[in-house]
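need the 3D shape of this:
(chains A and B)
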Amino acid sequence: MTRLTAWFSEGRSTGKHTLPFVVILLSVTILASAANLLLPADSMFYVSTYTITLLGKYLCYAMLALAVDIIWGYCGILSLGHGAFFALGGYAMGMYLMRQIGDRGVYGNPLLPDFMVFLDWKELPWFWLGMDQFWFAMLMAVFVPGLLAFVFGWLAFRSRVTGVYLSIMTQALTYALLLAFFRNEMGFGGNNGLTDFKEILGFSLQADSTRVALFLITAILLAVIFVISQKILASRLGKVVLAIRDSESRSRFIGYRTDRYKVWLFVYSAVIAGIAGALYVPQVGIINPGEFSPINSIEMVIWVAVGGRGTLIGAVIGALLVNYAKTRFTAIMPDAWLFALGAMFVLVTLYLPKGLMGLYGQLKAKRNSVTKKESQA
Amino acid sequence: MSTLDSTREFFRRDQVWPFLAPEQADVNVDNQVILYVEGLNLSFDGFKALNNLNLYINDGELRCLIGANGAGKTTLMDVITGKTQCDSGTVFFGQNHNLLNKDEAEIAQLGIGRKFQKPTVFEEQTVFDNLELSLKTDKRVLPTLFSRLTPTQIDRIDDVLKTIGLTKQRFMLAGALSHGQKQWLEIGMLLVAEPRLLLIDEPVAGMTAQETERTAELLTSLAGERTVIVVEHDMEFVRSIARTVTVLHQGSVLAEGTMNQIQSNKDVIEVYLGEGEGGEEAAQTGASA
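Residues are numbered from 1 along each chain as shown, chains lettered A, B, ... in the order given. Now for the predicted structure:
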């Protein structure tokens, strides 16, 4: 324990963006929540519950982008299957919410969710047992993605699969899960997924206060995960991770078991994605196999690329901006969104290899050199 | 009865089962030999890269390996450091560590450091971080996460920075160093790990005459305390540092001895120059080609 506190109090640089980021994130969240709950609906500063839910969704995506960035930006492992971990976390939460419906479903069965009654199942499958307990469901939301990442990573990294082959394998992983979850016999609601949720821990999911609380919890968890990740990446382990990205064989020759580092970083990243998924489902009210689709996983990579990989803050900014653009764009020209996304990816890859954070860095460097010249003149 | 005996043998109370016994960490050099390479064979698609190669390196020695391209120098280093699996043969580090059943990381932790032909440093990190990563520490995942630099370690890094002459560049990104400085940094990364055996592949490639001289000084000062194996094409450099030189040819040892012995060795002259010619001068240019 003393080691832990010492580690936290040590003067390692945690990135100068951490504190401003946490302050801005939490103050915006609290202001928006207060504006929703305290102000009358006709006030100029009133924030609608729809907006609150939308923001909460964005923050879940930001958390997911953080997970992708940790593994891609810092360790150079391009995962095109992080949607799988996100969706698994989401399904764990969805199963809990399903069990909470109880006998208020369409068929009024106190034990079985509607889709099982519809399929004429007589009893609950074994993997649904215990999911009515919140703590157990949350444990599964981090455990299942973590376990999948561990098994996958252990097999892939020990066999030294890297680069584009690994990306293709992750893509195949999420596609295989997509197909599996589409099947009704799997017991996860088939292509309709899990929906029609009523309440979480006894609070109605339709109530404004529950929505605001979920939004607040998402923001706080995002801040906590951001700080922890920053700490981890600033430790010597973070340096090893960068070393693996830049020259894996060199890292092996100075004595690091690089496969183990990669496996544990992959597990950490998958757990974050699982948490993001679990927070996402109660806010959007549905989880279906579409979340496993490979396109989703590719979109996550684009968020990170736009924001700037290799900087945690860049991943968050990228996720927020691209998703805001998506919301706007799909409202105005729904058909053009995918073209816009593709164009954005091409442009960023060509002109902003380090994303928006890289652009910010360039501008700052330019300004510094200009001021230097002026002071010399 | 024999079952009883073997059962007794199995449950002997005065010793532990081999898999439970802690692996002896020290390198046993009672016979003054630190590296035993015996009967090493390796072929790539029929091409014999190593052909019944035997090599013994004494503890504290500075040994130079020379040979034409494809003679098997780098392949030998790959086998010793665990990068390449050989077809047959044995490689022992001291008398007690079989290197052939260990992976790169384990071999590195035993105290074998390697410098590559092309300097490979972690370009996106500072010189100091490069050295910190190479420190001799517990390199498992969790200890690395919670590790902190102790004052002793910082002193150690400072010492090495002084030795390799990069004190001023300590907070520069390694990628911004010149080629020669990268070579030095890589040597520094080996030194900071306090290895028993250093394998150094072409240390002076791309260095200025002055830098070469300093490298020679450094390597000679290391020998004695540590064992150094240098692969080098620059004969002038080899002559300035070497006490014993081993010539490799087509995957096996052709000759071994002091520089003068090597240069007057008939086989060496024949291999490098073809029959009929001879002389020290010619052998020198031949070997460096």
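
low pLDDT regions in the stretch 1-150 of chain A?
Low-confidence segments of the stretch 1-150 of chain A, defined by pLDDT under 70: A:1-15.

the residue lying closest to A:Leu111 once chain neighbours are set aside and A:Arg99, how far apart?
Spatial nearest neighbour of A:Leu111, excluding adjacent residues (CB to CB, 6 or more residues apart in numbering or on different chains): A:Leu124 at 6.2 Å. The way it works is simple: take the backbone N, C-alpha and C, and place the C-beta from them, glycine included. Relative to A:Arg99, A:Leu124 is positioned 9 Å away (CB to CB, to the nearest Å).

quick one, which of the two is more surrounded?
In this view A:Leu124 and A:Arg99 are compared by other CB atoms under 10 Å in any protein chain shown, and A:Arg99 has more residues nearby, 20 against 16.

beyond the one helix or strand the more buried one maps to, next helix or strand please.
Secondary structure assignment for A:Arg99, by DSSP states H and E: helix A:82-101. Sequence-wise, the next helix or strand downstream of helix A:82-101 (DSSP H and E) is helix A:114-118.

my read is B:Ile200 is in a strand, agree?
Yes: membership of B:Ile200 in a strand is supported by DSSP: H, G, I helix; E, B strand; the rest coil.

in contact with it, which residues?
B:Arg114, B:Lys115, B:Ile187, B:Leu190, B:Leu219, B:Val228, B:Ile229, B:Val230, B:Val231 (CB atoms under 8 Å, 6 or more residues apart in numbering or on different chains).

residues near the fifth one, how many?
In this case it means B:Leu219. Residues near B:Leu219, counting by other CB under 10 Å, number 24.

from chain A, how far off is it?
In this structure, B:Leu219 and chain A are 19 Å apart, going by CB to the nearest CB, to the nearest Å.

the residue lying closest to B:Asn98 once chain neighbours are set aside: which element?
Using CB to CB, 6+ apart and skipping residues adjacent in sequence, the residue nearest B:Asn98 is B:Phe92, 5.9 Å away. With elements delineated by DSSP H and E, B:Phe92 resides in strand B:88-93, which encompasses its position.

so what strands line up beside that strand?
strand B:33-44 (antiparallel), strand B:97-98 (antiparallel) (DSSP bridges).

tell me the most buried of these?
Comparing those by mean neighbour count (mean count of other CB atoms under 10 Å in any protein chain shown), strand B:33-44 ranks first with a mean of 18.

what mean pLDDT does that one get?
Predicted confidence along strand B:33-44 averages 91 (mean pLDDT).

so which residues of the stretch 101-250 of chain B form strands?
With DSSP state E, counting those that start in this stretch applied, the stretch 101-250 of chain B shows strands at B:112-115, B:197-201, B:227-231, B:244-249, listed in chain order.

ok so, going back, looking at the contacts of B:Ile200, spot the one nearest A:Phe188.
B:Arg114 (50.8 Å; CB to CB).

the closest one - how many residues pack around it?
B:Arg114 has 25 neighbouring residues, counting by other CB under 10 Å.

beta-bridge partners for the residue nearest to it when sequence neighbours are not counted, please?
Distance criterion CB to CB, 6+ apart; nearest residue to B:Arg114, sequence neighbours excluded, is B:Leu199 at 4.6 Å. Beta-bridge partners for B:Leu199, by DSSP bridges, are B:Arg114, B:Ile229.

correct me if wrong: B:Asp234 contacts B:Thr215.
No: B:Asp234 lies out of contact with B:Thr215 (CB atoms under 8 Å); the separation is 10.3 Å.

higher neighbour count, the two?
Under the neighbour definition other CB under 10 Å, B:Asp234 and B:Thr215 were set side by side, and B:Thr215 has more, 24 against 17.

great, nothing more from me.
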